[in-house]
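Visitor: only geometry, no sequence info:
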């Protein structure tokens, strides 16, 4: 059963705490992405990775960190430096075509992060 | 930078057609996408169109692209209550990474 899984579905963070959101895909996709969604807004790109051991900052990377040690996994850490972390976090993945261009992105079910 | 805009809300009666509109600012050759989001869920890809096309039809869905006006629309025929959701328009940035720029989403409410 191929797809993108994110865990946990809900996550609570205390002040000053780092938390890590999991994203796994078994689609053999090359590229993976993390987006943040706030109520009534579109998605904003946090980080993306096109190849193992390499990743780039998106539009709102401050207060976040990622790693890409395996092709199928792209965990996102929300650090204590992120002052407003309450949001819905979405992971996506895509293949990279023969021309080197990332193709259609497919999304996971999301993780909702709440600050206590 | 690139900007993608959508109207916030659309209400239709079951069985009618829905038309959700999107405008963008950048003319780069790229793909444009429609995603559907149900409450508390991730985004489901509905359809996409390349910027050199005018129209694409897929069952109840019709996408129209007016390149001159930089206007994209999604028509849903015979709208059902299960179509109630938020619909996002997204445009690739035209680069190798195909970074997506999203609109704010249109909430479609289908009245029985």
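Guide: Looks like it came in fine. Being a predicted model, the structure only gives us computed values, none of them experimental. Numbers count the residues shown, from 1 in each chain, chains lettered A, B, ... in the order given.
Visitor: what sits against the closest residue to chain A within chain B?
Guide: At 3.4 Å from chain A, residue B:102 is the closest residue in chain B, using C-beta to the nearest C-beta. Where you see a C-beta, it was placed from the backbone N, CA and C, and this is true even at glycine. Contact analysis of residue B:102 by C-beta atoms under 8 Å, 6 or more residues apart in numbering or on different chains lists A:42-44, B:4, B:88-90.
Visitor: list just the nearest of those to residue A:33.
Guide: Minimum distance to residue A:33 across the contacts of residue B:102 is 9.4 Å, recorded for residue A:43 (C-beta to C-beta).
Visitor: quick check: the closest one touching residue A:35?
Guide: Yes - using C-beta atoms under 8 Å, residue A:43 makes contact with residue A:35 at a distance of 4.0 Å.
Visitor: can you list residues touching both of those two?
Guide: Shared contacts of residue A:43 and residue A:35, counting by C-beta under 8 Å, 6+ apart, come down to residue A:90.
Visitor: going along the chain, name the strands of the chain.
Guide: Here I'm looking at chain A. A:4-7, A:10-13, A:19-25, A:31-37, A:43-51, A:54-57, A:64-66, A:76-78, A:87-94, A:106-107, A:111-115 (DSSP state E).
Visitor: should've been chain B
Guide: Remark: strands assigned in chain B by DSSP E are B:4-6, B:9-13, B:18-24, B:31-37, B:43-50, B:55-58, B:61-66, B:71-76, B:85-92, B:100-102, B:106-111.
Visitor: could you dump the ones you listed to JSON lines with distance to residue A:106 and mean pLDDT?
Guide: Listed next are the strands of chain B as JSON lines, based on distance: least, C-beta to C-beta, whole Å; pLDDT from 0 to 100:
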{"stretch": "strand B:4-6", "distance to residue A:106": "19", "mean pLDDT": "94"}
{"stretch": "strand B:9-13", "distance to residue A:106": "25", "mean pLDDT": "97"}
{"stretch": "strand B:18-24", "distance to residue A:106": "20", "mean pLDDT": "97"}
{"stretch": "strand B:31-37", "distance to residue A:106": "10", "mean pLDDT": "95"}
{"stretch": "strand B:43-50", "distance to residue A:106": "6", "mean pLDDT": "94"}
{"stretch": "strand B:55-58", "distance to residue A:106": "17", "mean pLDDT": "95"}
{"stretch": "strand B:61-66", "distance to residue A:106": "18", "mean pLDDT": "96"}
{"stretch": "strand B:71-76", "distance to residue A:106": "18", "mean pLDDT": "97"}
{"stretch": "strand B:85-92", "distance to residue A:106": "13", "mean pLDDT": "95"}
{"stretch": "strand B:100-102", "distance to residue A:106": "12", "mean pLDDT": "93"}
{"stretch": "strand B:106-111", "distance to residue A:106": "21", "mean pLDDT": "97"}
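Visitor: residue A:100 is nearest to which of those?
Guide: Closest approach to residue A:100 among these (C-beta to C-beta): strand B:85-92, 13.9 Å.
Visitor: quick check: residues of chain A near chain B?
Guide: A:4, A:6, A:31, A:40-45, A:48, A:50, A:56, A:58, A:90, A:92, A:94, A:100-110, A:112 (C-beta under 8 Å from any C-beta of the partner chain).
Visitor: in ChimeraX, how would I select just the buried ones from the residues you listed?
Guide: Buried residues among the residues of chain A next to chain B (16 or more other C-beta atoms under 10 Å in any protein chain shown), as a ChimeraX selection:
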select /A:4,6,31,42,43,44,45,48,50,58,90,92,94,101,102,103,104,105,106,107,108,109,110
